[in-house]
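In: I would like the atomic coordinates for the input below:
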Amino acid sequence: LLLLLLLLLLGANPLASLKQAACICSKMARGLSRELAQQKNAKKAASGNKGNTETNLTPAARAERDAVAMREKKAQKDAQKAELAASGEAGAAAVAADEKR
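Out: Modelled structure (predicted):
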């Protein structure tokens, strides 16, 4: 209301000014929604890669790393079997039963 009175005092056309103000507001709203949508998509894209965080490894390097880990795991399991087999007759029977599976 005060804006209309001010425009009337200055001699401007109040209806044209209101249309212009409405146009500016609608552009701002569309720009704001576009900006919010961009922020939402950026956040979704950033959280989309949660599974594999080692992007700097090549497939060959990843395969070599996994192979080393599997060899270490197998060595540990073999050491446990040897220890169980050396523990006595019951341990040897358990190892034999495990190998049958």
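In: Show me where this structure has its helices.
Out: Per DSSP state H, the chain carries helices over the ranges 2-10, 14-47, 59-86, 89-100.
In: Select from those helices the stretch with the lowest mean pLDDT.
Out: Here the lowest mean pLDDT among those goes to helix 2-10, at a mean of 64.
In: what's the neighbour count on Ala63?
Out: Number of residues near Ala63 (other Cβ atoms under 10 Å) recorded here: 11. The C-beta positions use only the backbone N, C-alpha and C, and glycine is treated the same way.
In: Check Ala85 too.
Out: That count, for Ala85 with other Cβ under 10 Å as the rule, works out to 15.
In: mind checking how far it is from Lys77?
Out: From Ala85 across to Lys77, the span is 13 Å (Cβ to Cβ, to the nearest Å).
In: again, but for Lys43
Out: Lys43 is 43 Å from Lys77, by Cβ to Cβ.
In: And Gly88, by the same measure?
Out: Counting by Cβ to Cβ, the gap from Gly88 to Lys77 is 20 Å.
In: How about Ala97?
Out: Counting by Cβ to Cβ - Ala97 and Lys77 are separated by 15 Å.
In: ok, now Asn41?
Out: Distance from Asn41 to Lys77, by Cβ to Cβ: 47 Å.
In: Repeat that for Arg65.
Out: From Arg65 to Lys77 the distance is 19 Å (Cβ to Cβ).
In: got it, and Ala93?
Out: 18 Å.
In: Check Ala94 too.
Out: On the measure of Cβ to Cβ, Ala94 and Lys77 end up 14 Å apart.
In: Please apply the same query to Leu57.
Out: 26 Å.
In: What residues of stretch 71-79 count as buried?
Out: Across stretch 71-79, burial judged by 16 or more other Cβ atoms under 10 Å covers no residue at all.
In: Ok, stretch 89-101 next?
Out: For stretch 89-101, by 16+ other Cβ under 10 Å, it's Val95.
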